[in-house]
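J.: heads up, no residue letters with this:
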Ligand code: AMP
Ligand code: TRP
């Protein structure tokens, strides 16, 4: 079984990424042959700082290895190191419609926030489809926000197969059972995010313990003044989910345990649970980040393996589409 996922080297990675992304990558790498891609080509679709992109790429590699991706077992690499990704995106653009791309909610959300809406932001899902399809992927571990992009990938693959002959495997998504959508601690109506989130509402994987404590202490629990059932309070539901994931207990058990207790104790217990959950990753990350030479070596080896696996599919795409190959 082939597993593929991608993650952008933009900004510091947060608890939502860790739960929706990293923990799933590590779990799925046990199921088969995993490819985990640092998607730097995606990161230039909104305004970016070149120097930051370069450091964020190496930094994200450190964090992926720190969270448990094993270079001996799965392939971790940088998207721009494997030329097939940019080429596949161009070819697949011809089997993707303007109307499909215009309906993507991530494009609408991110586009609304930009002064300059790039063509790249619009065609971003086509690049993502190419990432996945080049590896004949069976399973794509992602968070809930990427569901629509994966559906589009399946549609693109099906259309290509129908027009040009069987070329791609149709991938399935895999979403975390709990924590597929971690919300901002200050604005629990919005997902936790690097770009749109509040500074106090976003918990970073590399946050030191006292910062994590402060953020949970200030977490919003009530949106109104009246007493509601827990289910009506997005802030509380989110905290219950975080606690459930951090301690590996079902959310119902967390609710039972804290039923009728004050928020103070609950929040401080969550903070401690999250600190314990993230601490080993942060420590390992600090160690790995101190040796960029070794990270670059691992990424070079990853790119070499990935390129070899992607090449036959790219070649089949060119061939079936009728290109006269050199
Ligand atoms: P990104 O950093 O946007 O490349 O996202 C990396 C992974 O984290 C993707 O699989 C996303 O679906 C996932 N993700 C991002 N934000 C959240 C969130 N708030 N809750 C759960 N998963 C998330
Ligand atoms: N668009 C994804 C995100 O922002 C990142 C991504 C790019 C991806 N290519 C991918 C995820 C391929 C899964 C598979 O989170």
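T.: Good, I have the coordinates. Keep in mind the model is a prediction, meaning the values are calculated, not measured. Ligands and ions are numbered 1, 2, ... in the order given.
J.: In this structure residue 60 contacts residue 11, no?
T.: No. With contact defined as CB atoms under 8 Å, residue 60 does not reach residue 11; the gap is 9.8 Å. Placement of C-beta: from N, CA and C, glycine included.
J.: of these two, who's got more company?
T.: When residue 60 and residue 11 are compared for neighbours, residue 60 comes out ahead with 25 against 17, by other CB atoms under 10 Å.
J.: Ligand 1 contacts on the stretch 1-150 of the chain?
T.: 7, 8, 16, 17, 19, 20, 21, 142, 143, 145, 146 (CB under 6 Å from any ligand atom).
J.: Mind picking the two most distant members of those residues?
T.: Based on CB to CB, the longest span within those runs between 8 and 19 and measures 16.4 Å.
J.: So what does the nearest residue to residue 219 once chain neighbours are set aside look like in phi/psi?
T.: Of all residues not flanking residue 219 in the chain, residue 185 sits nearest, at 4.1 Å (CB to CB, 6 or more residues apart in numbering). Residue 185 adopts backbone torsions of phi -70, psi -30, taken as degrees, to the nearest 10.
J.: what number of residues lie near residue 185?
T.: That count, for residue 185 with other CB under 10 Å as the rule, works out to 27.
J.: Might you report the residue contacts of residue 190?
T.: 183, 184, 196, 197 (CB atoms under 8 Å, 6 or more residues apart in numbering).
J.: Over to residue 39?
T.: 6, 7, 8, 9, 79, 127, 128, 131.
J.: Among those residues, which ones are in helices?
T.: Per DSSP state H, helices hold the following members of the contacts of residue 39: 127, 128, 131.
J.: Excluding chain neighbours, give the residue nearest to the second one in space.
T.: It stands for residue 128. residue 149 is the one closest to residue 128 (CB to CB, 6+ apart), at 5.4 Å.
J.: Give me the neighbour count for the one you found.
T.: 21.
J.: Correct me if wrong: it contacts residue 127.
T.: No. Residue 149 is beyond contact range of residue 127, at 10.1 Å (criterion: CB under 8 Å).
J.: is it true that residue 207 touches residue 214?
T.: No. The criterion here is CB under 8 Å, and residue 207 misses it with residue 214 at 9.3 Å.
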